[in-house]
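*Asks:* just coords:
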């Protein structure tokens, strides 16, 4: 199975600070069809995960543009340009290129 | 808007059975593979299985293979998870997801005597 390693596991930030989360894959996530099925999710406390970014860098409708995704192959990054209080929670990367679908271990974003 | 609403979670005894449902709306259900994912308290996410668009193909995680069955009714836009011979380790919040991107609110399954 593909292993997704997220770093850091915990991130402390102040409001307005820009932060980045890394997701590294044990295999390339480039599918034979040319797509890279790497998405980013946010799980706020007490809620289910919600989609932020899909296919590496595409912003889900309704998600603020302070969120951005980048990367290719095995290395991916989620950036938040100016953390807001509503961004607190656990961020997960998830891949769907290789079966079975796998998830990163999560990065908890908390207020400093 | 994509919406997924799970139901059916409850307290069940070890060795018992339970059937979860997930009603989908806001998209053409029959066009998408669907997954079940679970999350134990304070832990990460565990993919447990998937089903193809017409229900003819399923894949399962080894941890639940031969105990859980995923099915779907495209006419009702509904996904199912039949759980059998449940164990305490199956205690979790169960989510249905559309290909790991869109998620329901989850339903809690507690396995305890």
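*Replies:* On my side now, so go ahead. Since the structure is predicted, the reported quantities are computational estimates derived from the model, not experimental observations.
*Asks:* Need the three-state assignment for residue A:86.
*Replies:* For residue A:86, the assignment made with DSSP: H, G, I helix; E, B strand; the rest coil gives helix.
*Asks:* What count of nearby residues applies to the nearest residue to it once chain neighbours are set aside?
*Replies:* Take residue A:86 and drop its neighbours on the chain: the residue closest to it by Cβ to Cβ, 6 or more residues apart in numbering or on different chains is residue A:44, 7.7 Å away. C-beta coordinates here come from the backbone N, C-alpha and C atoms, glycine included. Look at residue A:44: counted by other Cβ atoms under 10 Å in any protein chain shown, it has 13 neighbours.
*Asks:* residue ranges for the strands of chain A, please.
*Replies:* With DSSP state E as the definition, chain A shows strands at residue ranges A:4-7, A:10-13, A:19-25, A:38-43, A:50-54, A:58-59, A:67-72, A:75-80, A:89-95, A:102-103, A:107-111.
*Asks:* Check chain B too.
*Replies:* Assigned strands in chain B, in chain order: B:3-7, B:11-12, B:18-25, B:34-39, B:45-51, B:58-60, B:68-73, B:78-83, B:92-98, B:102-103, B:107-111 (criterion: DSSP E).
*Asks:* pLDDT on the third one, on average?
*Replies:* Put plainly, it is strand B:18-25. Strand B:18-25 shows an average pLDDT of 98 in the prediction.
*Asks:* and it with chain A, contact?
*Replies:* No. No part of strand B:18-25 sits close enough to chain A to count as contact by Cβ under 8 Å from any Cβ of the partner chain; the gap is at least 12.0 Å.
*Asks:* for chain B, what are the nearby residues on chain A?
*Replies:* Residues of chain A lying near chain B by Cβ under 8 Å from any Cβ: A:39, A:41, A:47-51, A:54, A:92, A:94, A:96, A:99-106.
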